[in-house]
Structures are given as structure tokens and as C-alpha cells.
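Asker: Test case, fold it:
(chains A and B)
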Amino acid sequence: MAKNSISAKRKGYIGLMRALMVLSAALTCALVLFMIAYVLAKGLPHITWGLLATAPSYMQDTVGILPDILNTVYIIIATLAVVIPLGAGAAVYLTEYAANKRLVAVIEYAAETLSGIPSIIYGLVGMLFFCEFLNMQTSLLAGALTLVIMNLPTVMRTTQESLKTVPQSYREGAFGLGAGKWRVIRTVVLPGCIDGVITGCILSAGRILGESAALLFTAGVAHVVNGFFAGLAGSGATLTVALYFYAKERGDFETAFAIAAILMLLTLLINLLAWLVGALCKRRRNV
Amino acid sequence: MKNRKQLAENAVHGVFLLLGLITVGCVLLITVYLIISGIPAIRQIGLFNFLFGREWASTAAEPAFGILPFILTSIYGTVGAIILGVPVGFMTAVYLAKVAPPRVKAAAAHAVSLLAGIPSVVCGLIGMRVLVPGIRALFNVPDGASLLAAIIVLAVMILPSIINVSITALEAVPKEYEEASLALGATPVETYFRVSVPAAKSGIAAAVVLGVGRAVGEAMAVMMVAGNAANMPSLFESVRFLTTAVASEMSYSGGLQRQALFSIALVLFLFIMLINAVLNFFLKRSKEK
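Answerer: Numbers count the residues shown, from 1 in each chain, chains lettered A, B, ... in the order given. Below you'll find the model as predicted:
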């Protein structure tokens, strides 16, 4: 009886919308699966020990991406080492100290603006400010500092969110026992925001891993194996920048796809980690 | 004793205040640097000639610095990506937020966040090896590296932003609205599209604007598939975007050419600031609701 009351026109509309929804969702998922499968199928066969463990040599005409892997690791470590204290500190200021609403609004607006600026502009300003004005030359350090500015909003946001979940009563309890503000932050607030910091780390690491436009003019394109500190002082290509050069400038698609496959696996790993941390935090909070 | 403690507290407060102000400092730094380095070339070339000049020949004997091709390419490319990406993203978002069973929703959410995490050079590489030859074969054009290839790559790359922000907006629609509609005899699908979607209008608009921002700002993936010739935009022609104009010449530029690249970045920055302002407007409105 109820079914008969729906007119053919309405039925058509419902059917059409439903079909469009399912199709779109299927298309989105199929796209992701295709991209992963394509890159892995094209790239995995070309990942060899020689590729992973050597530097490229013009003399022997061999290609190796060890320096690019190391540069990526260095730049992730250097960026996180700087951005975590800065971002977490800014978040603590916003949630624990800031009393002036207008100032909070200005800071949050600035953070939003930062997260909307395209990476190529970061690259340009990083080049002008770090490489030229501060005279760091084209170096991994200049690249890392550029990425610090880029990832600041991410770390700030995740830390702020986890700070908000620290119950107000904890703070009041600590104050009531006579602790000063700084002591309360050190002993009660900061331990509570550790999961936000970790989430921020993972998200930032993912962004740094995938970043290329901001690094092209700040970190440069050299492929030399270096130690950590020597590496930071010198120019170096990360995996993404190396991929760009092998694909676009050299037309060496085997190496490009090998790097792409490595990047894809790392992206999968980072997503898995982020999901695990998210699930763990949720469980901890519910207990 | 008390004074020393107070002093220490104030010092800590000061340190945190400084950390809090870093973002503001960074925004100012970026703005000031772009304006200072972007203005000289515009003054030398002339604002009108720069913005509306139809020819870019930075390395010619008599160089021409008109960036109209780049501006139009960026606009066309973004509009194209929005036309392709928004319907798919929007429909996916409605499906995931309202219709999908929890398991499907969880799996699709993973797929979307994975898509968001794929580095842009990898997207570019896939575009280079799949789309570019595909377009060449399908449309019988001499080179597939074109505006169309860039549009498709951008459409895929803005999908996650559109889907995620739309889902958040749709999930924030009060249950009562939907229940009222269902009680009045509307079917679930009708309810989603005629009640939930209009109620989440501002949030969905914000999702689209965020997608616009991503598309305008993307550089590397576009650089790999768009061909990079400074042509006026046309679907099957090799084109150069504002972002790729900066990226492709920076490494070997000098003098006025280099300054002109900074001016392009300034124009790009102004576009982004405008988009951000619109985005904030919609976000605020969807929060107020």
C-alpha cells in the first residue's frame, strides 16, 4: 500500500540519485585502487638492492636512490624536531594562557591562512628568506625550515584538539593543591596532549614525504650520500624531488616508478599508523 | 621567593606567547616578502601590461612579460577540475555520510584519506604515463600534455578535500530535520537531497572553495602533465599555470625575468588570499547554523 503511494516521477528521482551516489563512491574507490595497483605494478619490479643501496654514478652509468632516501629521512627528522616544540607551544598558549579573544582569533586566522598557502609560494619565500637572506644557500636545512612553517598549522591543530580533551577538573585539582601555572602545564596538561603531538608528527611526516614544490628551490637537487649534519648543510633531493627529475628531466620512468612505489608504500604505512594511533587514543579515552 | 616564582611564571608565559605569535609572524613574513619582491617587476613592466599582456617571452631578445595566459589557464583549469570533481565528490560524500553501511563507510574513508596522502608527483607521474598518451590516442592530437590532462589530474587531487569537508557538514545536520522529513512521508533519498543537503549548504560551499584553493595552488602534478608552453588556454593545447610559470623558470632565471616570476607569485598569493577569505566566510556561516 505504502509503495503504491510513491509516484513514478519520485521513484525515478530516487533511483537516479541512488545510482549516481553509488557510482560516484565506486568511482572514487576504484580510482584509488587503480592508482595504487598501477604504481606498485609498474614500480615494484624495478626496486632492486642496487637501486636502494647506492648513489647514482655517471662513471658507471648506474642509478641509485640511497642519497634521496637519506635526504628524505633527514628532512623529516629536522622538520619535526623544530615544528613539534613550536606548534605544541603555540597550542598550549592558545588553550592555556590566551585570555584575549581577539588575539586568539588573529592567531587562528593566521594558522588557517598558512594552511591555505600553496607549497610553491612556501618554496619561493623559503628560498628568498632562508637561502638568500639568512645565507643558508640551497640546503636541506633551508628546506626543513620552510617545511616547518608549512606544517605549523597541522601540529598546532592536532595538539589543540587533544588539549581540549584534558578535563578541566584535572587542572583545577592541580591548582587547588597549590601548583603554579607552569607546573600544572608541565605535569598535567602536557602529558595529556601527547597523543595529539604524535598524530601531528604522523600527519606532518606524511606531508613532508609528499612535498616537492616547496623543496625544489630550497633544498635543491643534489644526490650525494652524507651524514646527518653534513647532509643538512648541503643541498639534496628528497624522494619526491628525485622522482620529478627522473620522470620529467631524464625520462627514466623505471626509476621514477620505483620511487613512486616506495612513496606509495610509505604513504600506506603512514595512513595505517595514523589510523592505529587514532584507534588507540579513542580506546584510552573511553577507559 | 614569591617574587622569583612570579618572575619564572611570567617568563614561561612570555615564551608561550612568543610561540603563539609565530604563525602570525610567518604570515607577515610571507606577505611582506612577496610584496617587496613582487612589486619592482610590476612597476617596470606596468601593471596593465603585466596582467593583461597576452604574450610571455621571458628569454626572447625583446622580452614580453604578459601573464594573461597563465591567469586564464589557472582559472580555466580550476573551473574544469571543479566541474569534474565536485559532482563526484559531492555524491560520494552524501553516500558515505548518509547511505553507506558502516563497513563500506570505513573502507571508503580509508581510500579517501589515502588519496589525500598520495604525493602530488606520484599523481603527476600517473597522469604522465596514463592520461597523456590516452588523450593523444583518444582525441587524435599531436601531444596529450594539455589543459585537459591537467584538469583531470586536478579533479582527482581535489576529491579528498571536497569529500571530507562535505561529509563533516552533512553529518552536522541535526537529526530532527531528517526525522521530520521522513515522518512527513519523504523517502530517505529524498530527505538527504532535499533536507540534509540544503541544511549543509554552507559547509558544502566551503568544501568547493577549499577544492578551488587546492586546484589553484597545485604545482608539481600540473607541471608534469600540462606541457608548460605559455599558450593561451585551450583544451588540447600545452599550457602553463600560474604555479608552473613560477616553478618552471625559477631555476635558470635572472634579472627582470626573475623579478617577474616573483610578481607572478604575488598574483597567485592574492588569488589564494581571496579564496581563503571566501572559504572563511562559508566556514563561519556553517558554524553559526
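
Asker: Spatially nearest residue to the residue of the stretch 151-287 of chain A found nearest chain B (excluding sequence neighbours)?
Answerer: Distances between the stretch 151-287 of chain A and chain B by CB to the nearest CB are smallest at A:Gly210, namely 3.3 Å. All C-beta atoms are positioned from the backbone trio N, CA, C, and that covers glycine. Closest residue in space to A:Gly210, ignoring its immediate chain neighbours: B:Pro119 at 3.3 Å, by CB to CB, 6 or more residues apart in numbering or on different chains.

Asker: Provide a list of residues in contact with the one you found.
Answerer: Listed by CB atoms under 8 Å, 6 or more residues apart in numbering or on different chains, the contact set of B:Pro119 reads A:209-212, A:240, A:243, A:263, A:267.

Asker: and if we set it to 7 Å?
Answerer: Residues near B:Pro119 by CB atoms under 7 Å, 6 or more residues apart in numbering or on different chains: A:209-210, A:212, A:240, A:263.

Asker: now A:Leu266
Answerer: A:Leu209.

Asker: now swap in B:Ile39 and tell me
Answerer: By CB under 7 Å, 6+ apart, B:Ile39 has no neighbours at all.

Asker: from the stretch 151-289 of chain B, which residue is nearest to chain A?
Answerer: B:Gly217 (2.7 Å).

Asker: That residue touches A:Tyr122, doesn't it?
Answerer: No. Taking CB atoms under 7 Å as the definition, B:Gly217 is not a contact partner of A:Tyr122, at 10.1 Å.

Asker: Looking at per-residue confidence, what score does B:Lys2 get?
Answerer: The score at B:Lys2 is 67. That number is its pLDDT.

Asker: same deal with A:Gly15?
Answerer: The predicted local confidence for A:Gly15 is 91.

Asker: Just give the number of residues close to it.
Answerer: A:Gly15 sits with 11 neighbouring residues when counted by other CB atoms under 10 Å in any protein chain shown.

Asker: quick one: what helix or strand has it in it?
Answerer: Following DSSP states H and E, one finds A:Gly15 within helix A:8-43.

Asker: and that helix, what does it pack onto?
Answerer: Under the contact criterion of 3 or more CB pairs under 7 Å, 6 or more residues apart in numbering or on different chains; DSSP states H and E, helix A:8-43 touches helix A:253-286, helix B:68-94, helix B:102-117, helix B:120-126, helix B:188-191.

Asker: what's downstream of it, the next helix or strand?
Answerer: helix A:49-53.

Asker: which parts of that next one are buried?
Answerer: A:Leu51 (16 or more other CB atoms under 10 Å in any protein chain shown).

Asker: Need the contact partners of stretch B:125-138.
Answerer: Outside stretch B:125-138, the residues touching it (CB under 7 Å, 6+ apart) are A:35, A:38-39, A:243, A:247, A:253, A:256, A:260, B:141, B:143-146, B:148-149, B:152-153, B:221, B:224-225.

Asker: hmm, try it at 6 Å
Answerer: With contact meaning CB atoms under 6 Å, 6 or more residues apart in numbering or on different chains, stretch B:125-138 is reached by A:35, A:247, A:256, A:260, B:144-145, B:148-149, B:152-153, B:224-225.

Asker: residue contacts, the residue of chain A found nearest chain B?
Answerer: Of all residues in chain A, A:Pro118 sits closest to chain B, with a separation of 2.7 Å (CB to the nearest CB). Each residue near A:Pro118 by CB under 6 Å, 6+ apart is listed here: B:Gly217.

Asker: Backbone torsions only: list them for it.
Answerer: Dihedral pair for A:Pro118: phi -70, psi 150, per degrees, to the nearest 10.

Asker: What pLDDT is listed against it?
Answerer: A:Pro118 is assigned 92 on the pLDDT scale.

Asker: same question, the one 5 residues further on
Answerer: A:Gly123 is assigned a pLDDT of 91 by the prediction.

Asker: For it, grab the count of nearby residues.
Answerer: Neighbour count of A:Gly123, defined by other CB under 10 Å: 28.

Asker: these two touch, right, it and A:Ser212?
Answerer: No. Counting by CB atoms under 6 Å, A:Gly123 stays clear of A:Ser212, with 9.0 Å between them.

Asker: just checking, next helix/strand downstream of the longest helix anywhere in chain B?
Answerer: Determined from DSSP state H, the single longest helix within chain B is helix B:2-45. Where DSSP H and E defines the elements, the next helix or strand beyond helix B:2-45 is helix B:47-52.

Asker: circling back: next, give phi and psi for the residue nearest to A:Gly210.
Answerer: The phi/psi pair for B:Pro119 (degrees, to the nearest 10) reads phi -60, psi 150.

Asker: One more: A:Thr62?
Answerer: phi -110, psi 160.

Asker: count of neighbours near it?
Answerer: Neighbours of A:Thr62 using other CB under 10 Å come to 12.

Asker: tell me the pLDDT at the residue positioned nearest the centre of chain B?
Answerer: Nearest to the mean C-alpha position of chain B, by CA atoms, centre = their mean, lies B:Arg214 at 1.4 Å. You'll see B:Arg214 listed with a pLDDT of 92.

Asker: Now the closest residue to A:Arg207 other than its chain neighbours: which helix or strand?
Answerer: Distances taken as CB to CB, 6+ apart place A:Asn151 nearest to A:Arg207, at 6.0 Å, with adjacent residues excluded. Assessed by DSSP H and E, A:Asn151 sits inside helix A:140-164.

Asker: Could you check the angle that helix makes with helix B:2-45?
Answerer: 130 degrees (axes from the mean of the first three to the mean of the last three CA atoms, to 10 degrees).

Asker: What are the contacting residues of helix A:140-164?
Answerer: A:74-75, A:78-79, A:82-83, A:87-88, A:90-91, A:95, A:111, A:114-115, A:122, A:126, A:130-131, A:136, A:193, A:195-197, A:199-200, A:203-204, A:208, A:214-215, A:218-219, A:231-232, A:236, B:23, B:26.

Asker: Assign a three-state SS to residue 229, would you?
Answerer: In the absence of a named chain, chain A is used. helix (DSSP: H, G, I helix; E, B strand; the rest coil).

Asker: actually chain B
Answerer: Assignment for B:Ala229 (three-state DSSP): coil.

Asker: Quick check, it in contact with B:Ser238.
Answerer: Yes. Using CB under 6 Å, B:Ala229 is in contact with B:Ser238, at 4.0 Å.

Asker: Neighbour count: these two, which is higher?
Answerer: Comparing B:Ala229 with B:Ser238 by other CB under 10 Å, the one with more neighbours is B:Ser238, at 19 against 14.

Asker: Grab the nearest non-local neighbour of the more buried one.
Answerer: Excluding its sequence neighbours, the residue lying closest to B:Ser238 (CB to CB, 6+ apart) is B:Gly227, at 2.8 Å.

Asker: do B:Ser37 as well
Answerer: Closest to B:Ser37 by CB to CB, 6+ apart is B:Phe262, at 4.1 Å.

Asker: That neighbour and A:Ser119, how far apart?
Answerer: Between B:Phe262 and A:Ser119 the computed distance is 16 Å (CB to CB, to the nearest Å).

Asker: so what pLDDT did the most centrally placed residue in chain A get?
Answerer: The residue lying closest to the centre of chain A (CA atoms, centre = their mean) is A:Arg207, at 2.3 Å. Predicted confidence (pLDDT) for A:Arg207: 91.
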